[in-house]
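Participant: dropping a prediction and its sequence here:
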Amino acid sequence: MNTMRGALWTALFVLAWAPARIAGAQAQGTPAVMSPADLVALALMERSAAAYSSARTLRAGFMQTLTNPRTGNIMRSRGEFLQRGAEQFAFRFSEPPEDRIVADGDVLWLYLPSAARGQVLKVPRAAGAGFDLVASVMRDPRTRYRVESGDESVIDGRTVRAVRLTPKSNDAAFTRATLWIDSKEALIRRAEFIEPSGMLRLLDFTSVRTGVQLPRDAFVFTPPPGVRVIDQAAMLGGTVPKKR
């Protein structure tokens with residue numbers, strides 16, 4: 001990743017994968033006209049939302065490809081994602097190798113030495129929760145999106161169905177999205193988002209496992225010696241919530 005902006009965009013989008021407990025995922029009513037295939041796609045999305053919101057723990061590998069159609073630039077990152085409950089998650093990057101994103105339950109740490117060596121961003125938990133794009137996508141899809149069924153295919157030996165989403169409002173973070181959801185386990189294996197700027201983001205997930213034991217220090221982040229901590233809450237005149 002060549003710039004701080006590029007690294008931060010990568011970090012914030014990766015955070016969209018962090019599953020959260022989704023309240024009100026079941027909307028009342030159904031659009032008047034939906035084909036049988038589209039109804040199947042919508043039901044699969046709701047199964048996926050339920051699977052993630054009820055998972056005690058989750059562990060998966062990820063690879064992100066970010067493509068700028070205007071310049072042709074491509075940025076890639078990869079690593080492992082760990083999650084426990086709704087408030088703790090961590091991204092351990094293997095590419096770039098030192099980068100870390102950790103939500104410890106109180107605050108969100110963004111440590112991206114590949115782009116901004118010598119500093120770490122400390123974000124209040126409430127602000128970090130706002131980065132959960134996947135949870136937002138799965139919340140009330142019946143009324144917020146036009147849901148269409150795509151073709152079935154195979155990813156890593158698993159049958160998946162493509163589910164295409166078009167936002168009904170103009171304030172969405174994307175203009176179009178496609179999720180490839182495991183037909184059996186209802187887990188997302190691939191996700192593609194087209195942003196209003198035209199930027200294309202593709203996420204591939206591997207070895208997705210739920211209910212697994214995680215390392216004790218999975219959600220612990222200690223700023224390395226000499227690293228400057230930029231406390232967003234302090235900059236805004238607020239305070240970071242204390243751990244209960």
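Facilitator: Done, it's in. Note that the structure is a prediction, hence the values are computed from the model and not measured.
Participant: so where's the chain shaky on pLDDT?
Facilitator: In the predicted model of the chain, residues 1-32, 126-136, 138, 234-244 satisfy pLDDT under 70.
Participant: show me the strands in it, by range?
Facilitator: 57-67, 74-84, 88-95, 100-104, 107-111, 119-124, 145-155, 158-167, 176-182, 188-194, 200-210, 228-231 (DSSP state E).
Participant: out of the ones you listed, which comes closest to Val40?
Facilitator: strand 145-155 (6.1 Å; CB to CB). Quick note: C-beta positions are derived from backbone N, CA and C, even for glycine.
Participant: so which bits of that closest one are buried?
Facilitator: Judged by neighbour count using 16 or more other CB atoms under 10 Å, the buried positions of strand 145-155 are Tyr145, Val147, Glu148, Ser149.
Participant: ok and the longest helix along the chain relative to strand 200-210, angle-wise?
Facilitator: In terms of residue count, the longest helix belonging to the chain (DSSP state H) is helix 36-54. On the basis of axes from the mean of the first three to the mean of the last three CA atoms, to 10 degrees, helix 36-54 is oriented at 60 degrees to strand 200-210.
Participant: do you know how far Pro141 is from Val147?
Facilitator: From Pro141 over to Val147 the distance is 6 Å, taken as CB to CB, to the nearest Å.
Participant: can you check Gly198 too?
Facilitator: The gap separating Gly198 from Val147 is 23 Å, by CB to CB.
Participant: what's the answer for Ile155, then?
Facilitator: Going from Ile155 to Val147 by CB to CB gives 20 Å.
Participant: repeat for Leu82
Facilitator: Separation of Leu82 from Val147 (CB to CB): 30 Å.
Participant: pull out the buried residues from stretch 189-204.
Facilitator: By 16+ other CB under 10 Å, the buried positions in stretch 189-204 come out as Arg189, Arg190, Ala191, Glu192, Phe193, Glu195, Met199, Arg201, Leu203, Asp204.
Participant: excluding chain neighbours, give the residue nearest to the third one in space.
Facilitator: So that's Ala191. The spatially closest residue to Ala191, leaving aside those adjacent along the chain, is Leu203, at 4.6 Å (CB to CB, 6 or more residues apart in numbering).
Participant: I figured that neighbour hits Gln64, correct?
Facilitator: Yes - assessed by CB atoms under 8 Å, Leu203 is found in contact with Gln64 at 5.2 Å.
Participant: picking up where we left off before, which one of the buried residues of strand 145-155 sits closest to Ala50?
Facilitator: When the buried residues of strand 145-155 are ranked by distance to Ala50 (CB to CB), Val147 comes first, at 16.2 Å.
Participant: contacting residues for the closest one?
Facilitator: With contact set as CB atoms under 8 Å, 6 or more residues apart in numbering, Val147 has these partners: Met34, Asp38, Ala41, Leu42, Met45, Pro141, Val163, Arg164, Leu165.
Participant: recalculate using a threshold of 6 Å.
Facilitator: Residues in contact with Val147 (CB atoms under 6 Å, 6 or more residues apart in numbering) are Asp38, Ala41, Leu42, Pro141.
Participant: how far does stretch 185-203 stretch from start to finish?
Facilitator: End-to-end span of stretch 185-203 (CA to CA, to the nearest Å): 18 Å.
Participant: many thanks, we can stop here.
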